[in-house]
Structures are given as C-alpha cells and as structure tokens.
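Engineer: I'll drop the sequence and a predicted model, then ask my questions.
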Amino acid sequence: MSINKWEPPGTWGPVTGGLMTQTSTGTTFSIVAESPATFNAAGYAALTYVEVGEVTDIAEIGSETAKVEHKPLKTGIVEKFKGFRDFGSSSVSFAKSATDAGQILLASGADGANINKQHSVCITLQDGTKMYFVCKVFSFKTAPGSADSIVGSTSSIEIESVIVEV
C-alpha cells in the first residue's frame, strides 16, 4: 500500500482504512418471473435472469421489525418488544426503453401477464457480490422529466423473502 500510488476503487488504501469499499458503478439489477426451487444461493443461481437495462438507481433493501410497545400504568415505563418482520420494499429507476426485456418484464409484473406472480431478483455489485430475493412488482411508472432530462421510469417492488447474499 502506498499513499502516492493510484489504486482502483474498493481496494486497500489510505482512504478506506483497509476496508473494502466500492462504488455503485457496475451494479446490475436482474429479474425473472419465477420463484426458486429452494430459497438459498443454489436455488436462486439456477434461475435465468433478465438484466434491466439503463438502471440509474436502486433504493436500499433490507428487513425491518415492527416495534411493539407495552405501557403498564403501574410502572410508567415503556416496554419494547419485536413484532412482525417486514422484508421491506425498494424501487429501481432507469432510462425508459420500450425494447428492453428487463423493463418489459417489470411492466408485466406491475400490470400485465405476470401481475400476480412472484419474481426473483439478483442484484450484482461491483465486487461480484450477489443479493437474491423474491418480490412482487407493484408499479411501473414513467417520468417524462423536465428540460434536459432523460425520459425515465421507476418500478416499485415489495420484498417477500430473506435477502440471500453470496
């Protein structure tokens, strides 16, 4: 490691303090209108995904547990418990393309032939890490934009499984 030597993003260096960091450049979002045979890395990897083209943003993903509160009058102390687990929702934004197979699949899941089907997703990060999960597609919206804008679209998804990261 040398302070005066250029190192590619995400490698060992003085800025990262030895940790592997990376940018979103190179990240892909792929989808298929199927559920895996098994909800593990092998089950997800066995599917044939279609990459969504021209992706510009993928919102955060991850589960959240509901907070349940009990407020006994006698103690005046709020007791907190974990409730139901919600695997969350996300959205993916992209430059609209009427011929992109991945975008066509998302639109079909929102309001088409695959409207009630569970879809499997594979997000691949710059370093090759894959994040798999199943979801339903809830929307596919077009954003015409303003002056000097690219016509875009955004699709919202509701995640229905644990995120398997490999």
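Structural biologist: Okay, I see it.
Engineer: Poorly predicted segments of this structure, please.
Structural biologist: Within the chain, the set of residues satisfying pLDDT under 70 comprises 1-19.
Engineer: could you point out the longest strand in it?
Structural biologist: The strand that spans the most residues within the chain, counting by DSSP state E, is strand 130-143.
Engineer: List the strands paired with the helix or strand hosting residue 65, with their directions.
Structural biologist: Using DSSP states H and E, residue 65 maps to strand 64-70. Sheet pairing here is set by DSSP bridges, and for strand 64-70 it gives strand 79-86 (antiparallel).
Engineer: Pull the partner strand out as PDB, backbone CA atoms only.
Structural biologist: Presented in PDB, the C-alpha positions along strand 79-86 are these (Å, rounded to 0.1, in the frame of the first residue of the first chain):
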ATOM      1  CA  GLU A  79     -41.600  -1.900  27.500                       C
ATOM      2  CA  LYS A  80     -40.500  -2.700  23.900                       C
ATOM      3  CA  PHE A  81     -40.800  -5.900  22.000                       C
ATOM      4  CA  LYS A  82     -40.100  -7.100  18.500                       C
ATOM      5  CA  GLY A  83     -43.200  -7.700  16.400                       C
ATOM      6  CA  PHE A  84     -43.700  -8.900  12.900                       C
ATOM      7  CA  ARG A  85     -40.800  -8.800  10.400                       C
ATOM      8  CA  ASP A  86     -41.300  -6.900   7.100                       C
END
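Engineer: ok, and what's touching the helix or strand following it?
Structural biologist: As assigned by DSSP H and E, the chain's next helix or strand after strand 79-86 is strand 89-95. By Cβ atoms under 8 Å, 6 or more residues apart in numbering, the residues outside strand 89-95 that reach it are 29, 52-61, 100, 103, 106, 135, 138, 150-159. In short, each C-beta sits where N, CA and C put it, glycine included.
Engineer: what's the answer for stretch 66-73, then?
Structural biologist: Under the contact criterion Cβ under 8 Å, 6+ apart, stretch 66-73 has outside partners 78-86.
Engineer: Wait, residue 117 touches residue 31, no?
Structural biologist: No - the pair residue 117 and residue 31 fails to qualify as a contact (Cβ atoms under 8 Å) at a distance of 10.9 Å.
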